[in-house]
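Enquirer: I would like the atomic coordinates for the input below:
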Amino acid sequence: MKKLIASITFILIGMSIIAQTNPNHITVNGVHKYSIEPEYKAKMTVSMANVYYDQQTTSLSEIKSSYLDKLAKVGINSDRLKEDDLYYAMMGYDKEGTIVEFSTGSVEEMKKFLLVKSMGVTKTDAVLEAKLTEAEMAEYAKKAYDQAKRKAEGIAVKIGRKIGKAISINDSNSNKINESLYYGSNFQEKDYYIAVSFELL
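Expert: I've put the predicted structure just below:
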């Protein structure tokens with residue numbers, strides 16, 4: 001009985017070694033670079049909490065008025081801004097203030113907005129948003145798949161094998177894009193990634 005168990009164990013170990021040295025599938029990543037036309041959004045905190053001297057000499061209305069004047073000088077009028085008092089209240093400041101939000105489809109215009117400095121005003125966040133249609137996602141996934149297949153074929157040739165059919169595809173991309181704006185990022189291009197497993201013949 002012990003000899004039988006030992007023989008089965010030996011066979012299983014041998015099969016495991018063969019499977020490791022002679023794999024039956026290959027998994028690769030594919031990527032497709034695509035263009036977007038995002039909406040840029042930035043929030044500014046306009047608050048008495050950001051004024052570091054005797055607050056008796058100024059008021060929130062004066063801070064806002066000064067800030068809006070500076071924005072108007074770079075071509076951004078107040079009617080393009082949104083205020084969010086609830087957002088400000090949820091931030092927990094102990095002094096009065098508000099949140100001012102600006103949206104634009106122009107990265108240059110967003111730069112102008114972010115470069116305006118004013119007393120009592122600090123940046124809360126700046127993001128880009130975009131949305132992909134189902135048709136766009138299908139197209140980008142197919143192109144990423146084609147790139148993955150070329151990569152798998154190249155690897156297979158190097159090890160003296162061929163690839164067969166795809167046995168699994170993993171696409172975890174979201175149709176909604178929401179990213180922070182940061183220096184050096186490419187705002188108009190994104191990568192669509194998928195992982196594909198192919199049979200190895």
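
Enquirer: what comes into contact with stretch 120-137?
Expert: 34, 36-48, 50-51, 58, 60, 63, 67, 97, 99-100, 110, 114, 140, 171, 173, 175-181, 187, 190, 192 (C-beta atoms under 8 Å, 6 or more residues apart in numbering). C-beta coordinates here come from the backbone N, C-alpha and C atoms, glycine included.

Enquirer: Buried among the residues you listed? Need that as a selection in ChimeraX.
Expert: For the buried members of the contacts of stretch 120-137, the matching ChimeraX selection, counting by 16 or more other C-beta atoms under 10 Å, is:
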select :34,36,38,40,41,42,43,44,45,46,47,48,50,51,60,63,67,97,99,100,110,140,171,173,181,187,190,192
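
Enquirer: In strands, which of the contacts of stretch 120-137 fall?
Expert: 34, 39-47, 97, 99-100, 176-180, 190, 192 (DSSP state E).

Enquirer: all helices for this protein, in order.
Expert: Assigned by DSSP state H, the chain shows helices spanning 2-21, 60-73, 85-90, 107-115, 134-158.

Enquirer: okay if I get those helices as CSV plus distance to residue 128 and mean pLDDT?
Expert: Below are these laid out as CSV (distance: least, C-beta to C-beta, whole Å; pLDDT from 0 to 100):
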stretch, distance to residue 128, mean pLDDT
helix 2-21, 45, 46
helix 60-73, 20, 95
helix 85-90, 19, 93
helix 107-115, 9, 95
helix 134-158, 17, 97
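
Enquirer: Rebuild those as TSV, extending it with distance to residue 127.
Expert: Listed next are the helices of the chain as TSV, based on distance: least, C-beta to C-beta, whole Å:
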stretch	distance to residue 127
helix 2-21	46
helix 60-73	19
helix 85-90	14
helix 107-115	10
helix 134-158	20
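
Enquirer: mind checking which of those is nearest residue 166?
Expert: helix 134-158 (7.6 Å; C-beta to C-beta).
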